[in-house]
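K.L.:
my questions concern the predicted model and sequence given below.
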Amino acid sequence: MGILSRLKKLFAGRKEKNVYLERLGQVQVQARDGYKLVSYEKDGVFDYETYRRVQEEGNKRKLTSVFVLENVIRGIAEYAQAKGPVRHVLCHGTRNAAEQGYFRAAIPGLAEVIGTEISETATQFPDTIQWDFHEMNPDWAERFDIVYSNSWDHSYDPEKLFSVWVSCVAKGGIMALEHTSRHEPKAVNALDPFGITESGLRDLVCKQTGMSHETTLSFPGKRERHILIFRKT
């Protein structure tokens, strides 16, 4: 690893971590039932403003970076379409709208694809709205044939998160959650406060949503990616 790469790695995430440190003190990691979660509480009270600011700082730092892979989205689209038509897709935590573009390319005639992003930068990208993915939009109730995300590890409350997301899945639709080494408990930090193993994620989603785990799609590569598919019956 070169000097420049080492410096980038050393300072990556420093600004958002500093926001946390200045407002809440040392980063506190809680061991929950089967997962780890960075606490955003101060004196027992949840500090939403600090959470939002950390997420916005991280979003802006990574604004030109793309984590999602086109072949992964294509694989999800092909799997979903084999079970029935796909007209509406919701992607959470999309930063620069790569997911939306990949879904449009993979599903010709797609009626709607929406991406959510908590940062104000959302307005810079197509098919993207500024939205906290913990909150329910009544217009989205049972609307989407696919709900996808690789950003669920940015959640401050995963149990609330998945309860909201399942409400957006149409009957017979799927929720597709990407899991990699970056989503493991050891990877938690101020920006990515929620970490859980793949099996833990599967069990938590099934318990919290009542959905069934239908299959897991695997995509080998430098960083192996697994897509957990949950079906709403």
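P.N.:
Received the coordinates, thanks.
K.L.:
and the residue nearest the centre of the chain, what is it in contact with?
P.N.:
Most central in the chain under Cα atoms, centre = their mean is S151, positioned 1.9 Å from the mean C-alpha point. Neighbour list for S151: 92-95, 133 [criterion: Cβ atoms under 8 Å, 6 or more residues apart in numbering]. C-beta here means a position set from N, CA and C on the backbone, and glycine is covered the same way.
K.L.:
can you pick out the most distant pair from those?
P.N.:
R95 and F133 (12.3 Å; Cβ to Cβ).
K.L.:
the longest strand seen in the chain pairs with which strands?
P.N.:
In the chain, assigned by DSSP state E, the strand with the most residues is strand 169-179. In the sheet, strand 169-179 lines up against strand 144-149 (parallel), strand 225-231 (antiparallel) (DSSP bridges).
K.L.:
in CSV: those, plus mean neighbour count.
P.N.:
CSV is the format used below for the strands paired with strand 169-179 (neighbours: other Cβ atoms under 10 Å):
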stretch, mean neighbour count
strand 144-149, 26
strand 225-231, 20
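K.L.:
any chance of those strands in TSV, plus distance to K36?
P.N.:
Below are these laid out as TSV (distance: least, Cβ to Cβ, whole Å):
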stretch	distance to K36
strand 144-149	19
strand 225-231	19
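K.L.:
let me know which of these is the nearest to G34.
P.N.:
Closest to G34 of these is strand 225-231 (Cβ to Cβ; 14.8 Å).
K.L.:
need the contact partners of that closest one.
P.N.:
Outside strand 225-231, the residues touching it (Cβ under 8 Å, 6+ apart) are 69, 72, 75-76, 79, 172-180, 198, 201-202, 205-206, 209, 211-219.
K.L.:
that older thread, next one: the helix or strand following the longest strand of the chain to chain centre, how far?
P.N.:
Note on strand 169-179: by DSSP states H and E, the next helix or strand toward the C-terminus is strand 194-196. The chain centroid and the centroid of strand 194-196 are separated by 11 Å, computed with Cα atoms, centre = their mean, to the nearest Å.
K.L.:
just the buried residues of the very next helix or strand once past strand 194-196, please?
P.N.:
Later in the chain than strand 194-196, the nearest helix or strand by DSSP H and E is helix 198-209. Within helix 198-209, the residues scored as buried using 16 or more other Cβ atoms under 10 Å are 200-202, 204-205, 208-209.
K.L.:
so what's the residue count around V19?
P.N.:
Other residues within reach of V19 by the criterion other Cβ atoms under 10 Å amount to 21.
K.L.:
which residues in this protein form strands?
P.N.:
Secondary structure of the chain (DSSP E): strands located at 29-31, 35-38, 41-42, 45-46, 88-92, 112-117, 128-130, 144-149, 169-179, 194-196, 212-219, 225-231.
K.L.:
how far does the last one sit from its chain's centre?
P.N.:
So that's strand 225-231. With Cα atoms, centre = their mean, you get 13 Å for strand 225-231.
K.L.:
what's the mean pLDDT across it?
P.N.:
Strand 225-231 carries an average pLDDT of 98.
K.L.:
now the angle from it to strand 212-219?
P.N.:
160 degrees (axes from the mean of the first three to the mean of the last three Cα atoms, to 10 degrees).
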